[in-house]
Structures are given as structure tokens and as C-alpha cells.
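*Asks:* next come a sequence and a model predicted from it.
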Amino acid sequence: MDDEWDDSCDMVVAPVVPAYNHNNDVDEGHSVSAMGRGFTTFIDEQEGGYFTKDSNGFGDRRGRGGRGGRGGRGGRGGNRDRGDYENGDAGNYNGDREDRGERGERGRGRGRGGSRGGGRMGGGDSPTEGDGEVKKPEPVTYIPPDPTENEDEMFGSSISSGINFGKFDHIAVKVTGENPPQAIDSFERANLRKFVVENVLKSGYKKPTPIQKHAIPIIMNGRDLMGCAQTGSGKTAAFLVPIINTLLQDSRELIVGENGCAQPQVIIVSPTRELTLQIFNEARKFAFGTVLKVATAYGGTAVRHQSDQISRGCHILVATPGRLHDFVDRNRISFDSIRFIVLDEADRMLDMGFIPSIEKMMQHPTMVQGTDRQTLMFSATFPEDIQHLAGRFLNNYLFVAVGIVGGASADVEQIFYEVSKYEKKTKLQELVSENVNKRVLVFVETKRNADFIASLLSEQQMLTTSIHGDRLQREREEALDNFKRGRHVILVATAVAARGLDIKNVDIVVNYDLPKSIDEYVHRIGRTGRVGNRGMAVSFYDSEQDSALAADLAKILRQGGPSGSDIRNFNNAVAAEPGQEPDEEW
Ligand SMILES: Nc1ncnc2c1ncn2[C@@H]1O[C@H](COP(=O)(O)OP(=O)(O)OP(=O)(O)O)[C@@H](O)[C@H]1O
């Protein structure tokens, strides 16, 4: 029973901190004052129409979603990524102690003051109610739908490559480090096993992208890797394909220890639950038809359910750090058999919010030596200070940079409107009415504003939903699914949706509020214009709020990246591709 599981939770209770008097609830994963949680335009399927409610969009279940831990403020320069990597998936070991962030599932219906900061496992996820009384956390009962077994559905999830896919070949690639292996130029000639090639081809991949051309042989040759390539350029397959191939080529016994303690051979960690779920589905796809078992562990879901799956043994575990540590602390997972560790969105995973979790994993007593495993890190952005940190976990690694490290996808047209905060609403309304039936992803800074904007657009008869850290996990997954399937054409999101999510046909990304860091901007606009498809990003620039970002934005618009190259200054940096940087029209 989940209850038992949760009761035995070794929770450290943070000291009671007076309610933080936040301004309009910047979405850092802490509590907001009471208000409806989440907004969705209701789709009345029976009637075939829709109606809207100005409630929380979920009938009378008005309990607040509680809080997760503080998302951990970005390391560099203060407010970096102060977003919604929330509900405790971010760092501070609140982990899935984050589950308690979901206690609103039972609808307590009262707001709570947020405890800011946070010590170990307390962080923003203290079980105190603001009155100093310690409440027993309610267990999370959400069991996500079983992953599809339908082959068409499984392989149909990819975004089809677009008109500019061929131009990937013109992007300069730099590979630095000792003895890089030769890049591949086709999946068929990459010495991959039959099943793996079949699964790649069934996914609709005809040619590898530049990061895949380099990362696949590097990983198959047993090397560690830091890989940097623009958003939507196939980094996920760049690590999954060679890992799965290696697991099949050099198979090892799948071990489940005493009391169902699983020993995965691969751990892939990512900063958000939705991204974790997406990578899990990708891994299932590339491992389809093989003996490999893939499992997932992420917060906001019933622990027992995931625990049962994992205890059957898994070669590959895709997890958020919080839930991963919850399982590790309870001896449900150990690192004794690890062969690969992957940090996806690695710069985020090594940022202040997550670094304690990553260190905890890397230094865990059961973790194999760095030289006995491969450690792989991927992101579209990789600031130098984070690269320094990353170096601690890597062993004689190769660094692959496709194009400019931290550069924006050249397939995204970037448009800016200078608007004051009072004009934003009208401008957004105009924009969506000029783009009826287009799929629009709107980023806002606060959870409260996400709901507000979603309800505003719904009043305009736009099928709109929202995703943010105050929504229950079930609601978050439903919102994303409805947006993916086109049942809702507008998704209003906080930063929780900024990284990694691969959604077909996102026509326009709107930065209703610009983010605080340029890297975050690059990730957000990268939700459109993926795999050679064209996309558009419209940003509302408020000179009172956003001037600190202006210089970096100008750089990005000139197609320059903010973050440089391999910090190790290898002399052997080679432009591995003959091509030049793409010209203007790119
Ligand atoms: N070689 C390929 N040919 C065609 N499509 C591909 C290829 N590789 C990946 N894709 C598809 O491209 C899309 C983007 O891939 P993916 O999500 O791995 O990008 P990413 O580089 O990780 O982006 P982000 O930085 O935003 O996380 C996916 O739908 C994926 O299935």
C-alpha cells in the first residue's frame, strides 16, 4: 500500500518559516496563495462542443495542489532558470518527498504559505501547515496510463523531419578531446544491431542528424561525452540508440537483489516529469522487440505502482532525481550494475537546484567507479561554469558541439514586440485571433498567471489549457496530451514546459513574459522549429522588466551563442563537417 510506503518516509521537517510574501507567485516551486488550480477549457465530448468555467477547470475539486520543493534558483547570475522545474523534482533532496506536493489531490482547499529556501529534504516541501503543526502527508494515488503497446502509436510519436533537415549537414561540428572515433554517415553503416536499425527506421529516421553522427560512434566506443546541439536536433536518439545497442551487443545479467532492489544498467535523469516520461517512451521505442526492460520513476504518481514495475528488474531506468533518490534511499534501486549514466538537459541538472541530487547519485556507496561506467551529458546550452562542474563526473570525455554552443535553432523565426505589462493581454488576444487553429505554446512566469491567461483565452472561445507546478500530475499529463492531440490548441505554461518537450506542430511559441536567462529563452523557443521544420517565436519585450536580457537577445538574433566551447582548450578542435555555418536564410 502506498500508505505504508509513505508512512515510513524518512522525512526531515524543515523549520517553520513564516509565509513568504511573494509578489504574484513567481513560479519557483513554492506555494501560492489560494486560487483555483489549473485552467482548462472544458471539452464536452458528448455535446461535441465546449464550454468554459471560471473555476479551476476541474469541477469542484478545488484543493490546492500543494507545493513541491523550491525549484532551486539558477546558479549563475541569480535568477537563472527560476522556473517551474517544480514540485520538488528540482533538487534539495525533497525529491519525491515531492509527492507531498500533490496532497492537494485530496482537495484541501486552503492556501499555504511557502517555506522558502530549504535544507535537506525539507526545502519547499515541508509538511508543516504554516501553523507549526506537522501534518501527515497524504499519499499520491495517481497511476499514469500504461504505456502504449500499439506499434503504430509508439513509432508515430516522432515529429517528421522538415524542409530544412538537409541543412543540418552544413552546420559546423567541433569535436574535442583525445582520439575521437570516426563519425558515421548512415544508420545502416553504423554497426548497429538489426533490431536497433529497424526501430530507428520505423521511427521515420532516414539519416542521422549531426549530433547522432558523432555521438553514436563515441558512445559505442566506450567514451564519455558532453554533447551540445541545438534544440530539436535529435539528442535523445543520439544517446538512446548506442546505449541500447551496447546493452544488446554485450548483454549482462539483469540483477534484482534482495527485497526487489533493482540494479538498472542505465540511469537517465532529466529535470521534469514530462520530459522523463517522454524519454521513457522513446527508450521503449528504440528497444522495441528486444529483451530490454525499460522503467520510469517520476514524482506525482503512486509510488507503489512504480516500485512494483521497477522491482521486476529494468535495464534502463528513466527518472527524475527526486523519485530516483526516494527509491534508492529505500533500497529499491542500487547503482551496483550501472554501465551508463545520462544527464539530459545536463546544464540544468548541474545547476544549483539539482546538483545536490546529482552529487548524491554519483557519490552513492553503491555507485560504480567513473572508469567502470560511461557518463553522458547532453543539452542545447552548456555554460562554461557548468562545464567545469560537469568535468568532475566525466572521464577523459569527448566534447561535441554542433554549431554554436547555446545558439538558438535557426529554423525559428524570432519576432519581438515592445509592450508594457499593461498591453500584453491585448497583444496576446490579437495574436491568437490572427492565428486561429494554429498550435500556440504561451510561456508566462507565474503559475497564477498561467491560469489567468488560460481563462482569458478560453473566454475568447479558444480551446486552452495550462501546465504548471501547482497542477496535479494527472492534470499536467492530461493537459500535455490534449495539446499534443490538438484537443486544445493553446497551452499556457510556466518554465516546466521549456526544456526537452517534443510536441508535434507547435506553430508559435509566445514569450508572454520573457525568461530571466538567455539559455532559458533558447530552450523555450526550441519547442517549435524542430528537426528542420520551420517555427515562430513571438516575444513580448517589456523594457522595464527585460532590459537585462537585451544584449544576450541581440547576440542570439545575430546567431551567436552565449556560452562558448569546450572549456578544456584542446588543440585538436576540428571542424568535423566540411560545411560552413549556414548563411542568413538558415
Ligand atoms: N535522424 C532523425 N531523422 C528524423 N527525425 C529525427 C531524427 N532524430 C530525431 N528525430 C526526431 O526529432 C525530434 C526531436 O528530437 P529530440 O527530442 O531528441 O531533440 P533534442 O535535440 O533532444 O531537443 P531538445 O534540445 O529540445 O531537447 C523528435 O521527434 C525525434 O523523433
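*Replies:* Ah, there it is.
*Asks:* would you mind listing what in this protein touches the ligand?
*Replies:* Neighbours of the ligand within the chain, by CB under 6 Å from any ligand atom: 158-159, 161, 203-205, 207-209, 212, 229, 231-237, 380, 500, 502, 526, 530-531. (C-beta placed from N, C-alpha, C; glycine too.)
*Asks:* does A283 count as helix, strand or coil?
*Replies:* helix (DSSP: H, G, I helix; E, B strand; the rest coil).
*Asks:* that one and the ligand: what is the separation?
*Replies:* 12 Å (CB to the nearest ligand atom, to the nearest Å).
*Asks:* ditto for R534
*Replies:* For R534 relative to the ligand (CB to the nearest ligand atom), the value is 14 Å.
*Asks:* could you give the number of residues near that residue?
*Replies:* When neighbours are counted by other CB atoms under 10 Å, R534 registers 15.
*Asks:* is there a neighbour count for the residue lying closest to it once chain neighbours are set aside? I'd like the number.
*Replies:* Nearest-residue entry for R534: D411, 5.3 Å, with adjacent residues in sequence omitted and distances by CB to CB, 6 or more residues apart in numbering. By other CB under 10 Å, the residues close to D411 number 26.
*Asks:* D411 reaches N164, doesn't it?
*Replies:* Yes - using CB atoms under 8 Å, D411 is in contact with N164, at 5.3 Å.
*Asks:* Three-state assignment for V400, please.
*Replies:* strand.
*Asks:* beta partners of it?
*Replies:* V175, G227 (DSSP bridges).
*Asks:* how many residues are close by it?
*Replies:* Other residues close to V400 by other CB under 10 Å number 27.
*Asks:* who's in contact with it?
*Replies:* Taking CB atoms under 8 Å, 6 or more residues apart in numbering, we find V400 in contact with 173-175, 211, 214-215, 218, 225-229.
*Asks:* ok, 10 Å please
*Replies:* Going by CB atoms under 10 Å, 6 or more residues apart in numbering, V400 touches 173-177, 180, 183, 210-211, 213-215, 218, 225-229, 238, 378, 566, 576.
*Asks:* quick check: pLDDT value at it.
*Replies:* V400 is assigned a pLDDT of 98 by the prediction.
*Asks:* how near is it to the ligand?
*Replies:* V400 is 12 Å from the ligand, by CB to the nearest ligand atom.
*Asks:* could you do D451 as well?
*Replies:* Counting by CB to the nearest ligand atom - D451 and the ligand are separated by 25 Å.
*Asks:* in the helix or strand containing that residue, what's buried?
*Replies:* D451 belongs to helix 447-459 when assigned by DSSP states H and E. For helix 447-459, burial by neighbour count (16 or more other CB atoms under 10 Å) applies to 447-458.
*Asks:* one more: stretch 419-437?
*Replies:* Result for stretch 419-437 [16+ other CB under 10 Å]: buried residues 419, 424, 427-429, 431-432, 435.
*Asks:* on that earlier part again, overlap of the contact sets of D411 and N164?
*Replies:* With CB under 10 Å, 6+ apart as the test, D411 and N164 both reach 529, 531-534, 586.
*Asks:* could you chop the chain up by domain?
*Replies:* 151-402, 412-575 (the TED database).
*Asks:* weakest of those by average pLDDT?
*Replies:* Among the domains of the chain, domain 412-575 scores lowest, with a mean of 93.
*Asks:* measure how far stretch 215-223 is from the centre of its chain, please.
*Replies:* 24 Å (CA atoms, centre = their mean, to the nearest Å).
*Asks:* quick one, phi psi at L201?
*Replies:* Dihedral pair for L201: phi -70, psi -40, per degrees, to the nearest 10.
*Asks:* who's in contact with it?
*Replies:* 155, 187-188 are the contacts of L201 under CB under 10 Å, 6+ apart.
*Asks:* can you pick the most crowded of the residues you listed?
*Replies:* F187 (22 neighbours).
*Asks:* out of everything not next to it in sequence, what's closest to that residue?
*Replies:* According to CB to CB, 6+ apart, the nearest residue to F187 is V200 (5.0 Å).
*Asks:* can I assume that neighbour is in contact with A238?
*Replies:* No - V200 lies out of contact with A238 (CB atoms under 10 Å); the separation is 11.4 Å.
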